[in-house]
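Trainee: using only what follows, build the 3D model:
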Amino acid sequence: KEKSVTIFLFVLLALFIVLFLLFLIWATIIKRGGATRTSDGVKKIFLSYLQLTSLAMTMNIPWPQNYITMFRVQSSISSVGEAFLDARCALYEDSTPVTISEVEYMKTIAYAILPICLVICTLIGWKIYAHIFKIKVEEQRAMSVGSIVLLLYLIYPSITSRTLALWKCDEVEHVGNIFVIDPETLCDDKVHQMYQHTLGIGCILCYVVGLPSFGVVVLYKFRNKLDERRTRVRFGLLYDGFVREHYMHETWVVLRKFLLIVIGIFTDKLQVIFSLGVVGSLLVHTVWSQPFATKGLTRLEILLFLCSFLTLWIGGIFVVYPECNSRNNFTRSICSIGEVFVIILNIGCFIIGVAVYLYFIWSERKDMIKGVARKLFNRILKTFGSLPGENDEEVQ
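Mentor: Residues are numbered from 1 along each chain as shown. So this is what the prediction gives:
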């Protein structure tokens, strides 16, 4: 019964992810059509914030269960890969012994294959869409590339954390160098090293390093065509919201995600301190460089960046006081205040991000929305009764 519930939740979550991805593709590629809109910058800032905050789960911080649930919800919205349930729950059976390390290897293989599957599905989907709606081949190719860029952008943190996790080892006295995810497996084991040197290094070259490098090359190649419609359809996500002088600022955004993943995997006791140093330094860099096209985008970036900083800062409390059920009143008070503060902070920042996005959507399309609403209202009046003034004209 529990396995059936797990499979049902997996299918339900997968359906939600697919629908959400279709919405993002519709809003980013189809509806925008290459236009320059502030709302697209807001959307990217918001997604980056969700990805950055959800990376707190990769750290050895004894978060309360409420936090873990909140981080998983944020990760489900902002990332393709991390939203899937633990495969071990679905694969495990009493008659089929599966070790934790074997499941982790299978997950890593799945993450390595996932980008290829997404690319293939995207190309097929746009081929069908173009055939149905009679879209030109050039438009179809541009939208296909734009969709692929969007999906790879979303999945990058998941692939990076999953790949580098193969090197998450810890030296234990009288035991050896253990694989932290599965303490029964040694990192010196030949099978584990085989996965590190083949699958791990391959994913690092292709995805962890390859995707950002390819993005930099593409942006530099099209640096003089950034305002052209077709370029914006294909690669606009990589520089939405930035002034042209800082069209490469996305490299700094990728860098902060990468550094937090590295800190979460390869450090232990100093994770929070290192993370605060990285987030604080890059926050100062953002304030100093002012890469965004409007003050509104700059303020939103700083606010959401600060929210991530404070979340990690509160995480330091749980590192110092891992047992929040202590009899010490001061400890319990600090933990309780920290729990409430972070939950309110992240919910508030989430609401602000959504509200700002909807505000800019309304500002950019209010005339169209009002026109559609007016036509709909007039149609309803014609259906259920005459329009005001029509009877007066007949009397006259």
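Trainee: strands of the stretch 51-200 of the chain, residue ranges please.
Mentor: Under the criterion DSSP state E, counting those that start in this stretch, the stretch 51-200 of the chain contains strands at 169-172, 176-179, 182-186.
Trainee: for the ones you listed, give me JSON lines that also has mean neighbour count and distance to residue 307.
Mentor: Yep, even glycine has a C-beta here, placed from its N, CA and C like the rest. Output for these, formatted as JSON lines (neighbours: other CB atoms under 10 Å; distance: least, CB to CB, whole Å):
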{"stretch": "strand 169-172", "mean neighbour count": "14", "distance to residue 307": "31"}
{"stretch": "strand 176-179", "mean neighbour count": "17", "distance to residue 307": "33"}
{"stretch": "strand 182-186", "mean neighbour count": "15", "distance to residue 307": "34"}
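Trainee: make TSV out of those and add distance to residue 124 and mean pLDDT.
Mentor: Shown next, in TSV, are the strands of the stretch 51-200 of the chain (distance: least, CB to CB, whole Å; pLDDT from 0 to 100):
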stretch	distance to residue 124	mean pLDDT
strand 169-172	40	83
strand 176-179	38	84
strand 182-186	37	84
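Trainee: looking at these, which is closest to residue 100?
Mentor: strand 182-186 (3.8 Å; CB to CB).
Trainee: residue 182 and residue 98 touch, don't they?
Mentor: No. The pair residue 182 and residue 98 does not pass the contact test of CB atoms under 8 Å, sitting 11.0 Å apart.
Trainee: from the contact counts, what lies against the strand or helix carrying residue 264?
Mentor: Following DSSP states H and E, one finds residue 264 within helix 250-266. Packed against helix 250-266 by the contact rule (3 or more CB pairs under 8 Å, 6 or more residues apart in numbering; DSSP states H and E) you find helix 38-54, helix 137-164, helix 210-221, helix 271-289.
Trainee: just the buried positions in it, please.
Mentor: 250, 253-254, 256-265 (16 or more other CB atoms under 10 Å).
Trainee: name the spans of the stretch 1-150 of the chain whose pLDDT lies under the cut-off.
Mentor: Applying pLDDT under 70 to the stretch 1-150 of the chain flags the ranges 1-10, 13, 32-35, 65-97.
Trainee: with the stretch 201-350 of the chain instead?
Mentor: 323-328.
Trainee: at 80 what do you get?
Mentor: Counting by pLDDT under 80, the ranges of the stretch 201-350 of the chain that qualify are 268-269, 320-336, 338-339.
Trainee: show me which helix runs longest in this protein.
Mentor: helix 329-384 (DSSP state H).
Trainee: helices and strands around that helix, which ones?
Mentor: Using 3+ CB pairs under 8 Å, 6+ apart, helix 329-384 sits against helix 38-54, helix 65-78, helix 295-320.
Trainee: need the winner for burial among the ones you listed.
Mentor: helix 38-54 (a mean of 23; mean count of other CB atoms under 10 Å).
Trainee: just the angle for it relative to helix 271-289, thanks.
Mentor: 160 degrees (axes from the mean of the first three to the mean of the last three CA atoms, to 10 degrees).
Trainee: quick one, helix 38-54 and helix 295-320 angle?
Mentor: 10 degrees.
Trainee: so how far is helix 38-54 from its chain's centroid?
Mentor: With CA atoms, centre = their mean, to the nearest Å as the basis, helix 38-54 stands 8 Å off its chain's centre.
Trainee: how about that helix as CSV, C-alpha atoms only?
Mentor: The C-alpha trace of helix 38-54 is given here as CSV (Å, rounded to 0.1, in the frame of the first residue of the first chain):
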residue,chain,number,x,y,z
THR,A,38,11.0,43.5,-17.4
SER,A,39,8.8,40.7,-16.2
ASP,A,40,11.2,38.2,-17.7
GLY,A,41,14.0,39.6,-15.6
VAL,A,42,11.8,39.3,-12.6
LYS,A,43,11.0,35.6,-13.4
LYS,A,44,14.6,34.7,-13.7
ILE,A,45,15.6,36.5,-10.5
PHE,A,46,12.8,34.6,-8.7
LEU,A,47,13.9,31.2,-10.1
SER,A,48,17.5,31.9,-9.1
TYR,A,49,16.4,32.8,-5.6
LEU,A,50,14.5,29.5,-5.3
GLN,A,51,17.4,27.5,-6.6
LEU,A,52,19.9,29.2,-4.3
THR,A,53,17.8,28.8,-1.2
SER,A,54,16.9,25.2,-1.9
